[in-house]
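Q: got a structure for you, letters missing:
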C-alpha cells in the first residue's frame with residue numbers, strides 16, 4: 001500500500017468514526033477544516049450552518065473549479081437502538097475530495113482557483129441550498145461531485161462519467177369536507193370519499209411515457225375516535241419522481257389539479273403544499289467528456305461505463321438550478337457496494353477510493369494547469 005493509499009484509509013477511518021446527521025456535523029466539520037487548512041487552503045467555516053469553503057488560488061488567472069463533498073450521516077434504528085451511521089458513503093466522499101485537494105495543493109495550482117466545498121445536510125435535501133444562499137457558488141465556474149454506487153450499477157475498477165439522478169418531491173394535501181352524524185350522511189361531505197376520489201385521479205395521471213416518472217400516494221390519514229361520525233378532514237402525502245425537470249413541473253401541476261378536482265366530485269375542497277425535494281441532474285457536455293477522459297486515464301477503457309440513470313435524488317443539482325451558467329459534473333464510482341445505500345449494514349471495497357481521488361485529480365489538473 002502506497003503512502004497515499006494509507007492516508008486515504010486513515011482519513012476514512014477518522015471520518016467514519018464520527019457520524020453526524022445533517023446540520024449537526026460539528027466534529028466532522030472541525031476535523032475537515034483543520035486538515036484542509038493544513039494543506040494550504042484559506043478556510044471559512046460555518047457556511048450554510050456547518051459547511052466549509054476552502055480556497056487555493058493559482059499564480060495565473062483562470063476558472064474557479066469547486067470539488068464538493070457531502071458530510072452528513074443517517075439516523076437508523078439497529079437492534080432497537082437509535083444510532084447514526086455513514087450508510088450513504090458521505091465519509092468516503094469527504095475522504096476522496098480532501099485527499100485530492102491535498103495532492104493538488106502539494107503539486108501546485110498553476111492557474112485559476114480550486115475551491116473545496118464540504119456541504120452539510122445532503123440527506124435533508126437542502127444543505128446545498130444553504131451553501132448557495134451563503135454565497136459559496138457565487139464565483140464558481142465548474143463544480144464536480146462524486147458518489148459511491150451499489151454493486152448492481154458499478155463494480156470496483158469501474159466508474160460512470162455522468163450519474164443522472166432524477167427529480168424527487170414530496171407533496172402534502174389537506175382535504176376538507178363537512179362532518180355529520182353517521183345516521184344522516186346526506187348532511188355531510190365525507191373527506192374519506194373525497195380522498196378516495198383524489199387518489200383515483202392521481203393514479204390516472206399520465207405524462208410523456210418516454211420519460212420515467214411516477215406519482216403515488218404514500219400516506220393517508222382520516223377519521224377519528226368517533227366511528228359513527230362522517231369525517232370532515234383527510235390528509236394525503238405523495239411521492240413524485242421524474243427523470244427530467246420539465247416532467248417534474250408538469251407532474252406537480254397535474255397532481256395538484258387531480259387532488260382538487262377529485263375532492264370536488266363529492267363536494268369537498270383541498271389545499272396542497274410542496275414540502276420540498278430536489279431537481280434532476282443537468283450536466284455540461286464538456287465536463288462529461290472530461291470525466292470520460294479521466295476515467296479512461298485512471299481505470300482504462302474497460303473501467304469506463306456509460307452514463308447511469310437512477311431514480312434516486314441528490315441536492316447537488318440545486319447548484320445548476322440556482323446558477324444555470326455553472327458547468328457541472330458528477331462521477332459515479334464503482335466499489336462493490338452491498339447490500340445498498342442507506343442500509344445500516346452498507347459496506348464497500350475501500351481500496352476503490354484511490355480511483356475516485358485520482359479521477360478528481362486528473363480532471364482538476366486538466367482544468368487548472
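A: Thanks, I have the structure now. Nothing here was measured: the structure is a model prediction, and the numbers come from that model.
Q: could you say which helix or strand contains residue 282?
A: Secondary structure here is read from DSSP states H and E; on that basis residue 282 sits in neither a helix nor a strand.
Q: neighbours of it, how many?
A: A count of nearby residues for residue 282, using other Cβ atoms under 10 Å, gives 15. In this view, the C-beta of every residue, glycine as well, is placed from N, C-alpha and C.
Q: tell me the contacts of it?
A: 245, 317, 320, 321, 328 (Cβ atoms under 8 Å, 6 or more residues apart in numbering).
Q: residue 86: which of those residues is nearest?
A: Out of the contacts of residue 282, the one with the shortest distance to residue 86 is residue 317. That distance is 21.8 Å, counting by Cβ to Cβ.
Q: OK, contacts around the closest one?
A: When the contact criterion is Cβ under 8 Å, 6+ apart, the partners of residue 317 are 165, 278, 279, 280, 281, 282, 328.
Q: need the max-distance pair from these.
A: The most distant members of the contacts of residue 317, if one measures by Cβ to Cβ, are 278 and 328, lying 13.6 Å apart.
Q: which secondary structure element contains residue 102?
A: Assignment of secondary structure by DSSP H and E places residue 102 within helix 90-107.
Q: summarise which helices and strands that helix is packed against.
A: Packed against helix 90-107 by the contact rule (3 or more Cβ pairs under 8 Å, 6 or more residues apart in numbering; DSSP states H and E) you find helix 3-16, helix 26-38, strand 51-57, strand 60-70, strand 111-119, strand 142-150, helix 353-368.
Q: buried ones in that helix?
A: Going by neighbour count (16 or more other Cβ atoms under 10 Å), the buried part of helix 90-107 is 90-105.
Q: care to break the chain down by domain?
A: 3-165+281-368, 167-278 (automatic domain parsing).
Q: quick one: mean pLDDT for the last one?
A: Per-residue pLDDT values across domain 167-278 average out to 97.
Q: for the closest residue to residue 345 other than its chain neighbours, the count of nearby residues, please.
A: Among residues not flanking residue 345 along the chain, residue 339 sits closest, at 6.4 Å (Cβ to Cβ, 6 or more residues apart in numbering). If you count neighbours by other Cβ under 10 Å, residue 339 ends up with 10.
Q: from residue 346, how far off is residue 339?
A: Shown here: residue 339 relative to residue 346, a distance of 7 Å by Cβ to Cβ, to the nearest Å.
Q: with residue 264 instead?
A: When Cβ to Cβ is applied, the distance between residue 264 and residue 346 equals 46 Å.
Q: redo the contacts of residue 317 as JSON lines? Include secondary structure and distance to residue 360.
A: As requested, the contacts of residue 317 are arranged in JSON lines below (DSSP: H, G, I helix; E, B strand; the rest coil; distance: Cβ to Cβ, whole Å):
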{"residue": "165", "secondary structure": "strand", "distance to residue 360": "19"}
{"residue": "278", "secondary structure": "strand", "distance to residue 360": "22"}
{"residue": "279", "secondary structure": "coil", "distance to residue 360": "23"}
{"residue": "280", "secondary structure": "coil", "distance to residue 360": "23"}
{"residue": "281", "secondary structure": "coil", "distance to residue 360": "18"}
{"residue": "282", "secondary structure": "coil", "distance to residue 360": "20"}
{"residue": "328", "secondary structure": "strand", "distance to residue 360": "14"}
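Q: closest to residue 25 among these?
A: Of all those, the one with the least separation from residue 25 (Cβ to Cβ) is residue 278, at 19.2 Å.
Q: residues in contact with the nearest residue to the closest one once chain neighbours are set aside?
A: The shortest distance from residue 278 to any residue other than its chain neighbours is 4.2 Å, reached at residue 313 (Cβ to Cβ, 6+ apart). The neighbourhood of residue 313, defined by Cβ under 8 Å, 6+ apart, consists of 125, 165, 166, 167, 168, 241, 277, 278.
Q: contacting residues for the third one?
A: Counting by Cβ under 8 Å, 6+ apart, residue 166 touches 212, 241, 242, 243, 280, 281, 309, 310, 311, 312, 313.
Q: buried subset of those residues, written for ChimeraX?
A: Written as a ChimeraX command, the selection of buried residues from the contacts of residue 166, which uses 16+ other Cβ under 10 Å, is:
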select :241,242,243,280,281,309,310,311,313
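Q: now, which of the contacts of residue 166 sits nearest residue 85?
A: Distance to residue 85, by Cβ to Cβ, is smallest for residue 312 among those, at 18.0 Å.
Q: pLDDT score for the closest one?
A: Per-residue confidence for residue 312 comes out at a pLDDT of 91.
Q: quick check: phi and psi at it.
A: phi -70, psi 160 (degrees, to the nearest 10).
Q: for it, which non-adjacent residue is spatially closest?
A: The shortest distance from residue 312 to any residue other than its chain neighbours is 5.7 Å, reached at residue 165 (Cβ to Cβ, 6+ apart).
Q: tell me who's in contact with that neighbour.
A: Residues touching residue 165, when contacts are defined by Cβ under 8 Å, 6+ apart, comprise 278, 280, 281, 310, 312, 313, 314, 316, 317, 330.
Q: who's in contact with the second one?
A: In this case it means residue 280. Residues near residue 280 by Cβ under 8 Å, 6+ apart: 164, 165, 166, 167, 242, 243, 244, 245, 248, 317.
Q: and which of those residues is nearest to residue 292?
A: When the contacts of residue 280 are compared for distance to residue 292, the smallest value, 14.6 Å, is given by residue 164; criterion: Cβ to Cβ.
Q: give me the number of residues near the closest one?
A: By the measure other Cβ under 10 Å, the count of residues near residue 164 is 20.
Q: go on, the one 4 residues further on?
A: Here the number of neighbours of residue 168 (other Cβ under 10 Å) works out to 22.
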